[in-house]
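1. need coordinates for the following:
(4 chains)
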Protein chains: 2
Amino acid sequence: MTNSYDINEFKNPLFTVDSVLFTVKEDALKVLLVKRANEPFIGSWGLPGGFVDVDSDTTTDVTALRKLEEKTSVAPQYLEQLQAFSGIDRDPRGFSVTLVYFALIAAQEVSSHIETIDDVQWIDIDKIDSLSIAFDHKVIIEQAKERLQQKALYSMVPVYCLPEYFTVGQLKSVIETIIGKTIQRKSLIRRIESADMFETIDEKVKSGGRLAQQYKVKPGVNIVNFERNLAT
Amino acid sequence: MTNSYDINEFKNPLFTVDSVLFTVKEDALKVLLVKRANEPFIGSWGLPGGFVDVDSDTTTDVTALRKLEEKTSVAPQYLEQLQAFSGIDRDPRGFSVTLVYFALIAAQEVSSHIETIDDVQWIDIDKIDSLSIAFDHKVIIEQAKERLQQKALYSMVPVYCLPEYFTVGQLKSVIETIIGKTIQRKSLIRRIESADMFETIDEKVKSGGRLAQQYKVKPGVNIVNFERNLAT
DNA sequence: TATAAATGTGTCACAGCGACACAATATTGA
DNA sequence: TCAATATTGTGTCGCTGTGACACATTTATA
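-> You can find the predicted model right below:
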């Protein structure tokens, strides 16, 4: 009934899973890149990823998480599928497909681990152009950036670049770094209050001026999409 | 330099490309389904799709188009990637990945061809639940529907369910069928005028009342995304 | 010729964002 | 001690785009 042998498998495309892991650090949007240890493109920077382990990975989501954890030692706070990139030319070994994920994490969560390694680095998104990047990963990163920027206009995803407790000022700063424009504090507060996805923390925190209210994401809550974009 | 032999290829996941082709016909949202001629799920309805032909397909987009044209004899007016679905259990032959596309076409473009065949049919989206559908295609169709509904709220994609020339009334009807709610004619006209993606046609057309203005999509124009959603 | 049916227009209310003034509360330095 | 400064938080006005709805326009039909 199930053919363990399939005529098409001979020419199955090469299939990999890669992730574009973003964070905001030092007021800049950064991407996690890995110095490639294997051919092709050995020595170039590329996205963290690899082949599916069909014996242990139950889905490609698991593959993406596994590969990210190998490089960062922690799971990202946000993960979603971006898009698949395919083509006859993008890999010298033949027709290939990369399923790309788009992930977010707070810089603090990984920085201590990253700093001890020199083949895994946070690269400033504005410096990608001047680097030699493997495969079509430069294009992929660009598309992931655009998706993140879009999402920042109509959803609260940027909170996943922040630690568990955060202030309005921190979130405002992260959003502004992502979209490359300033936004109104007032508009952000209105959204935080109407979204109903955050809890206020009793203890306030120093911030250079008046003590700031802290928030955290309500456990198990879904990301809210607003019906309107912020200023373009 | 290029290894024609790769250790991982032995356990490469099964990779296919499927499409959810929508149209609006008789005031209902329909999906093109195909009666499966092969195992697994022989005899069940499933999405049109299949394996990549790595010798002739330059990208998976081409695969999706090729498979759709085999069933409808024409190319869809709109095609975009939806998402990949993967898992160890979704195909009895083992770990598999389906890259799913989401496509739109005017019913008139295909109806004459479809009607002569009985293993390819437009199925009403509300009747999917009561059918036996192959693989996880029921879930996939549901997700594609949600994406289409979202897009209908902030973009003009629904025009691709209409013939070249269309009226405001026709577009209004198609949108309402997709999202399952009524919208304001006035709001739609405002969007048509501000989007700058349509040309008016001199010749007006009968519509049961006053003659209706006709529109067509400007050649080579991109779909406009509005900054605000229609009523939810 | 009146009625029905659809198209097209004018206008008001409402929601949410932008802008900005201003109040509140912390730190810092003279 | 107190003014200057910095950041947070609030109040409010204007603008834009959608919803709602009335009304005018144009066609077919009885």
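2. rest of the way, CA atoms for contacts and neighbours
-> OK.
3. in chain A, where's the longest strand?
-> Scanning chain A for the longest strand, with DSSP state E as the assignment, gives strand A:14-25.
4. what sits up against that one?
-> Residues from elsewhere that reach strand A:14-25 (Cα atoms under 8 Å, 6 or more residues apart in numbering or on different chains): A:29-32, A:47-52, A:60, A:63-64, A:68, A:76, A:94-107, A:141, A:144, A:161, A:174, A:177-178, B:9, B:12-13, B:15.
5. again, 6 Å this time
-> With Cα atoms under 6 Å, 6 or more residues apart in numbering or on different chains as the contact definition, strand A:14-25 has outside contacts at A:30-32, A:48-51, A:96-107, A:161.
6. CA atoms only: put it into PDB for me.
-> Written as PDB, here are the backbone C-alpha positions of strand A:14-25 (Å, rounded to 0.1, in the frame of the first residue of the first chain):
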ATOM      1  CA  LEU A  14      17.600  19.500  -1.700                       C
ATOM      2  CA  PHE A  15      15.500  20.700   1.300                       C
ATOM      3  CA  THR A  16      16.800  22.800   4.200                       C
ATOM      4  CA  VAL A  17      15.400  24.900   7.000                       C
ATOM      5  CA  ASP A  18      16.900  28.300   7.800                       C
ATOM      6  CA  SER A  19      16.100  31.000  10.200                       C
ATOM      7  CA  VAL A  20      16.400  34.800  10.300                       C
ATOM      8  CA  LEU A  21      16.800  35.500  14.000                       C
ATOM      9  CA  PHE A  22      16.400  39.200  14.800                       C
ATOM     10  CA  THR A  23      17.100  41.200  17.900                       C
ATOM     11  CA  VAL A  24      17.500  44.800  18.800                       C
ATOM     12  CA  LYS A  25      20.700  45.700  20.500                       C
END
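7. does anything pack onto the helix or strand just after it? Which helices or strands?
-> Counting by DSSP states H and E, the element after strand A:14-25 in chain order, helix or strand, is strand A:28-35. If you count contacts as 3 or more Cα pairs under 6 Å, 6 or more residues apart in numbering or on different chains; DSSP states H and E, strand A:28-35 packs onto strand A:14-25, strand A:45-46, strand A:120-124.
8. all helices for chain A, in order.
-> A:60-72, A:107-114, A:137-154, A:168-179, A:185-195 (DSSP state H).
9. go through those helices and name the closest to A:Tyr215.
-> Distance to A:Tyr215, taken as Cα to Cα, is lowest for helix A:168-179 among these, at 8.0 Å.
10. now that closest one and strand A:28-35, what's the angle there?
-> 60 degrees (axes from the mean of the first three to the mean of the last three Cα atoms, to 10 degrees).
11. mind putting the helices and strands packed on strand A:28-35 into a markdown table with mean pLDDT and mean neighbour count?
-> As requested, those are exported to a markdown table (pLDDT from 0 to 100; neighbours: other Cα atoms under 10 Å in any protein chain shown):
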| stretch | mean pLDDT | mean neighbour count |
| --- | --- | --- |
| strand A:14-25 | 97 | 24 |
| strand A:45-46 | 96 | 25 |
| strand A:120-124 | 96 | 19 |
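12. neighbouring contacts of the helix or strand bottoming out on mean pLDDT in chain A?
-> Among the helices and strands of chain A, helix A:107-114 carries the lowest confidence by mean pLDDT, DSSP states H and E, at a mean of 84. Here helix A:107-114 makes contact (Cα under 6 Å, 6+ apart) with A:23, A:72.
13. hmm, try it at 10 Å
-> Helix A:107-114 is contacted from outside by A:22-26, A:30, A:32, A:71-77, A:120-122, A:161-163, using Cα atoms under 10 Å, 6 or more residues apart in numbering or on different chains.
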